[in-house]
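Colleague: Sequence and computational prediction follow.
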Protein chains: 2
Amino acid sequence: MATLRLIMNHNLFLRDPQETNLGRKIIEDTIALIDELGFEKFTFKKLAERINSTEASIYRYFENKHKLLVYLIAWYWNWLEYKIDFGTQNVQEPQKKLEIALGIIAEKKVKDPFFPQIDEEALYRIVIAESDKTYLTKQVDEDNKEGLFRGFKSLCKKIASFIKEINPEFKYPHSLISTVLEAGHQQLFFAKHLPALSDFSTSRNPAQWHDDNEDFLKELVFNMISA
Amino acid sequence: MATLRLIMNHNLFLRDPQETNLGRKIIEDTIALIDELGFEKFTFKKLAERINSTEASIYRYFENKHKLLVYLIAWYWNWLEYKIDFGTQNVQEPQKKLEIALGIIAEKKVKDPFFPQIDEEALYRIVIAESDKTYLTKQVDEDNKEGLFRGFKSLCKKIASFIKEINPEFKYPHSLISTVLEAGHQQLFFAKHLPALSDFSTSRNPAQWHDDNEDFLKELVFNMISA
DNA sequence: TCACAAACAATAGTATTACTATCTTTTTGA
DNA sequence: TCAAAAAGATAGTAATACTATTGTTTGTGA
């Protein structure tokens, strides 16, 4: 099977981690370690010990741990956009394209054999718990100027364009999609940790949550744009 | 004018900051300092210097800075619930109650003379930028067991009950309201910092955003529940 | 195949953070 | 007024988030 590589914005790293063994190991083990410890307890020192390298070596790839998190989340958004491009190939009807996109957003994430280095299941848990921290900082404007959030914005724009095709009059295509992208993670987090804030959890079976989530997000979008 | 005091869950603090001068000063200056520095750069040491006290003294009120943030955000949710209770007094029709609640959620926050110690405008900026960090941690389950998120959950439940009165068949009252409460902050953040993710910003005038936000949230809710 | 630059490892060091501990002084309220 | 509670002063620690320097591999292209 072909192995792919997503092209990442160069401001996300000092040295491209996809080009060396050490770089790939950094990414691989960062995913495992943040998943395990959470972003706050994750440090370059712990990562260095885990991969039998040194802090200094990791600092040659990423300026600091914040940039490394931003890199992972950007990878995730790029991956999602690629999956949606792939999934909507040769589909003409915007209604159908939107439905496919929402399905991909909500679906349970499993290993993608095209990217053997990445544990997408663990990365998805990181996205759910940590992705908001990439932009909820005082440096958000500088980070944005460097293009670090291009992946998120690009995905939002793409899905918003499906909406505009369906209903050019609709006032809030970007707001609706950014809300849906965020809510898609939040509701899974709430179902698991703060069930009073969601209605998925009543079914008790976590496997069901992804279907609930898909249904919820689709209702949200289709009720809104066809009103 | 009468001065009020919101009763806070005792697990939010070690010593009640509303009962002493130092405690009130901690709250007041924490709001100013987090607003200024952001939560990551905020430390007890900087706060102590600012209020001419010591780290040790602050630690007698709050276990750590995370708990202090959780306290502030809990205060905000309690305050919102009180405003909604106040605003829906003697209103019978659930439709009307829901509309009032959404108006209060989206409205520009200004100084509330009932709580002279709290700078609600600054606190609102903190809520927008930092509130998600209260629960996006590895200790969320323990914090939840201690009841630290009761304010958020209680508010969500109240508004969800309005929805159930209007449409008892609706499947996602809590998910919809938790989504709306979060989106209400996110969209303002996006309008300001990542305008590609929102549609408010086109009007360029930040004063307009609150109206856009109210309109957006109301459409979201009313389209969804009357579908 | 050698040379040499790039990559990496090893080590050391710094300022700051997030606390804990202890002791003294001040405030307070019964 | 006097004891207890609160606050202040001071010190200390392990960990974090880096930076700097030097020495050692290793890969590749002439």
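Modeller: Structure's in. What do you need? Numbers count the residues shown, from 1 in each chain, chains lettered A, B, ... in the order given.
Colleague: And the strand or helix carrying A:Gln95, what's buried?
Modeller: Mapping A:Gln95 onto the secondary structure by DSSP states H and E places it in helix A:94-106. By neighbour count, with 16 or more other C-beta atoms under 10 Å in any protein chain shown as the criterion, the buried positions of helix A:94-106 are A:94, A:97-102, A:104-106. Any C-beta I mention is one placed from the backbone N, CA and C, and that applies to glycine too.
Colleague: Which of those sits closest to A:Ala2?
Modeller: Taking C-beta to C-beta as the measure, A:Ala2 lies nearest A:Ile104 of the buried residues of helix A:94-106, at 20.1 Å.
Colleague: List the residues that contact that closest one.
Modeller: Taking C-beta atoms under 8 Å, 6 or more residues apart in numbering or on different chains as the definition of contact, the neighbours of A:Ile104 are A:80, A:83-84, A:87.
Colleague: 10 Å - rerun?
Modeller: The neighbourhood of A:Ile104, defined by C-beta atoms under 10 Å, 6 or more residues apart in numbering or on different chains, consists of A:80-81, A:83-84, A:86-88, A:214.
Colleague: could you pick out which of the residues you listed are near DNA strand C?
Modeller: Subset of those in contact with DNA strand C: empty, counting by C-beta under 7 Å from any atom of the strand.
Colleague: just to revisit the earlier point, now the helix holding A:Gln95: average pLDDT?
Modeller: For helix A:94-106, the mean per-residue pLDDT is 98.
Colleague: Kindly report the same for stretch A:152-170.
Modeller: In the prediction, stretch A:152-170 has an average pLDDT of 98.
Colleague: For chain B, tell me whether that stretch is touching it.
Modeller: Yes: for stretch A:152-170 and chain B, the contact criterion (C-beta under 10 Å from any C-beta of the partner chain) is met by A:152-154, A:156-157, A:160, A:170.
Colleague: Please identify which helix or strand holds A:Leu14.
Modeller: With secondary structure defined by DSSP H and E, A:Leu14 is part of neither a helix nor a strand.
Colleague: Tell me the buried residues in stretch A:57-71?
Modeller: Of the residues in stretch A:57-71, those buried by neighbour count under the rule 16+ other C-beta under 10 Å are A:58, A:61-62, A:65-71.
Colleague: Around DNA strand C, pick out the residues from chain A.
Modeller: A:15, A:20-23, A:52-57, A:60.
Colleague: Next up, the contacts around A:Lys46.
Modeller: Residues near A:Lys46 by C-beta under 10 Å, 6+ apart: A:29, A:33, A:36-37, A:55.
Colleague: any low-confidence regions in chain A?
Modeller: In the predicted model of chain A, residues A:1, A:201, A:203, A:227 satisfy pLDDT under 70.
Colleague: wait, doesn't A:Ser57 sit right on A:Ile51?
Modeller: Yes: the pair A:Ser57 and A:Ile51 passes the contact test of C-beta atoms under 10 Å, sitting 8.9 Å apart.
Colleague: what is in contact with those two at once?
Modeller: Shared contacts of A:Ser57 and A:Ile51, defined by C-beta under 10 Å, 6+ apart, are found at A:22, A:26.
Colleague: Is A:Asn11 in contact with A:Phe62, as I believe?
Modeller: No: under the criterion of C-beta under 10 Å, A:Asn11 lies out of contact with A:Phe62, with a separation of 11.4 Å.
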